[in-house]
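Chemist: Here's my sequence, what's the structure:
(chains A and B)
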Amino acid sequence: DGGITQSPKYLFRKEGQNVTLSCEQNLNHDAMYWYRQDPGQGLRLIYYSQIVNDFQKGDIAEGYSVSREKKESFPLTVTSAQKNPTAFYLCASSPREKPGEAFFGQGTRLTVV
Amino acid sequence: GNSVTQMEGPVTLSEEAFLTINCTYTATGYPSLFWYVQYPGEGLQLLLKATKADDKGSNKGFEATYRKETTSFHLEKGSVQVSDSAVYFCALRWEAAGNKLTFGGGTRVLVKP
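Modeler: Just a heads-up that it's a prediction; the model follows:
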């Protein structure tokens, strides 16, 4: 079955540690996205990538980094510079021919203690 | 910049009631418009879309019409079920903005039996 997989579902880290969230898709989609969702709030775009080896900052990129070395993978690193990293993180992908029709992963809930 | 505004929730309804969720947008040009739904503990799923003025998107009994004159894309369903309880997100995509999806704040809907 094709889909987009985020792992792990729950992640706990100590303050000051970097942590990497995984996102893999086997849909052959060109574009991939990372969003952050806070309780009672909408989705805010962190980073997006339209093609391998290229990515752009979204609206709240500070304290985050990404890479896009393979079409299938778009990992997100939450660095110690992110002031308030506890949140629900959603990865998505969309096909070139239907941009905007995004497929979302199940999300990773990151808690920093 | 582009933005999407949704009515704040939560919206609480009884089964078989009529549901309307208001969505208005600000964008230059002619964006494509989408409604996504998020069930508890899950990622988002595309519910319906409209790509040009006066288009009507429909799916699972939900409908929304792209109204350029009022810059709106209100979501409606004639008779809701308990299984429609979820968070609904309005979103837009504008090609000139790099095909990014911009989301509204989400509206939580609770349908009671």
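Chemist: bridging residues for residue A:70?
Modeler: residue A:73 (DSSP bridges).
Chemist: Look up how far chain B lies from it.
Modeler: Between residue A:70 and chain B the computed distance is 20 Å (CB to the nearest CB, to the nearest Å). C-beta: built from backbone N, CA, C; applies to glycine.
Chemist: Tell me the pLDDT of that residue.
Modeler: pLDDT, residue A:70: 97.
Chemist: residues near it, how many?
Modeler: 11 (other CB atoms under 10 Å in any protein chain shown).
Chemist: isn't it right next to residue A:52, touching?
Modeler: Yes. Using CB atoms under 8 Å, residue A:70 is in contact with residue A:52, at 6.8 Å.
Chemist: Tell me which other helices or strands the helix or strand of chain B with the lowest mean pLDDT touches.
Modeler: Taking mean pLDDT, DSSP states H and E as the measure, chain B has strand B:101-103 as its least confident helix or strand, at a mean of 90. Secondary-structure packing of strand B:101-103 (3 or more CB pairs under 8 Å, 6 or more residues apart in numbering or on different chains; DSSP states H and E): strand A:43-51, strand B:3-6, strand B:86-93.
Chemist: A strand includes residue A:29, no?
Modeler: No. Checked against DSSP: H, G, I helix; E, B strand; the rest coil, residue A:29 lies outside a strand; its state is coil.
Chemist: Is it correct that it is in contact with residue A:103?
Modeler: Yes. Here residue A:29 reaches residue A:103: they are 7.3 Å apart, a contact under CB under 8 Å.
Chemist: Return every residue with contacts to both of the two.
Modeler: Shared contacts of residue A:29 and residue A:103 (CB atoms under 8 Å, 6 or more residues apart in numbering or on different chains): A:93-94.
Chemist: Just give me the neighbour total for residue A:55.
Modeler: 20.
Chemist: Tell me the spatial nearest neighbour of it, not counting adjacent residues.
Modeler: residue A:49 (3.9 Å; CB to CB, 6 or more residues apart in numbering or on different chains).
Chemist: residue contacts, that neighbour?
Modeler: A:31-33, A:55-56, A:66, A:68, A:74.
Chemist: Where strands are concerned, which of these count?
Modeler: Secondary structure from DSSP state E places A:31-33, A:55-56, A:66 of the contacts of residue A:49 in strands.
Chemist: quick revisit: relative to residue A:99, tell me which of the helices and strands packed on strand B:101-103 wins on proximity.
Modeler: Judged by CB to CB, the one of these that comes nearest to residue A:99 is strand B:86-93, at 6.1 Å.
Chemist: still on that earlier bit, strand B:86-93 and the next helix or strand along the chain from the least confident helix or strand of chain B, what's the angle between them?
Modeler: On the C-terminal side of strand B:101-103, the nearest following helix or strand under DSSP states H and E is strand B:107-112. On the basis of axes from the mean of the first three to the mean of the last three CA atoms, to 10 degrees, strand B:107-112 is oriented at 150 degrees to strand B:86-93.
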